[in-house]
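[1] below is the sequence, then the predicted model.
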Amino acid sequence: MSTVARWASTILGILLLIALVSLPWIRLNISPSVPVGLYRLTTLPSIITRGMLVVVPVPRSIQGIWPRLVPLLKPVAGIVGDEVCIRDGIFWIASMNYGSMDTDSTASDVPHLSGCWIIQPGTVILASHAPGSLDGRVFGPTAIADLTAEARPLWTW
């Protein structure tokens, strides 16, 4: 193995370790749901708003798809009172198209959402416009009490 290959392997290993540890104040995101990069983690504000990036533990329904030790970093797409619909295989939140319901998930215990509903108090819908995202289209509403931090980009690429 060449020196360059060893160096690249070492750097990749360090980056994966950081991603797996997810320090309480910084997060390396390698998922395509939001831009790849470093994010500063802060305490959640008292009011959760649409568009805010949040950290949430991996829901039980996708723990066989995504590593349980790597919390998810997702944008808040829907807040209390917003209508969520699945129509013709498309995920809609507050009349905004979040793309296909198709995901990379093949797990049988993943919820299969259908129809329309209103987001209830104490919950949000986390969703990204990224194709195949493991988000609210897969695991449904998320309790606000389960959110652990707000994430703000420091350096993305």
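    Good, I have the coordinates. Computed from a predicted model, the values in this text were never measured in an experiment.
[2] can you tell me the SS state at Ile65?
    coil (DSSP: H, G, I helix; E, B strand; the rest coil).
[3] and it, how far from Ile119?
    Using CB to CB, to the nearest Å, Ile65 is found at 24 Å from Ile119. Every C-beta, even on glycine, is put in place using the N, C-alpha and C of the backbone.
[4] likewise Val76?
    Val76 is 10 Å from Ile119, by CB to CB.
[5] shared neighbours of the two, which are they?
    Ile125 (CB atoms under 8 Å, 6 or more residues apart in numbering).
[6] my guess is Gly37 meets Leu73, correct?
    No - the criterion here is CB atoms under 8 Å, and Gly37 misses it with Leu73 at 10.3 Å.
[7] what touches both of those two?
    Asn29.
[8] higher neighbour count, the two?
    When Gly37 and Leu73 are compared for neighbours, Leu73 comes out ahead with 23 against 14, by other CB atoms under 10 Å.
[9] give the contact list for that one.
    Arg27, Asn29, Ser31, Ser33, Val34, Tyr39, Leu53, Val54, Val55, Ala151.
[10] repeat that for 10 Å
    22, 27-31, 33-34, 39, 41, 53-56, 126, 128, 149, 151 (CB atoms under 10 Å, 6 or more residues apart in numbering).
[11] any idea what it is bridged to?
    Val55 (DSSP bridges).
[12] next one: Trp92
    Listed beta-bridge partners, Trp92: Cys85, Asn97 (assigned using DSSP bridges).
[13] contacting residues around it?
    Gly78, Asp82, Glu83, Val84, Cys85, Ile86, Tyr98, Gly99, Cys116.
[14] what is the burial count for the second one?
    Put plainly, it is Asp82. 18.
[15] and the gap between the residue found closest to it once you drop the neighbours it is linked to in the chain and Gln63?
    Closest residue in space to Asp82, ignoring its immediate chain neighbours: Ala94 at 4.2 Å, by CB to CB, 6 or more residues apart in numbering. Computed as CB to CB, the Ala94 to Gln63 distance reads 28 Å.
[16] again, but for Ile30
    Taking CB to CB, one finds Ile30 at 18 Å from Gln63.
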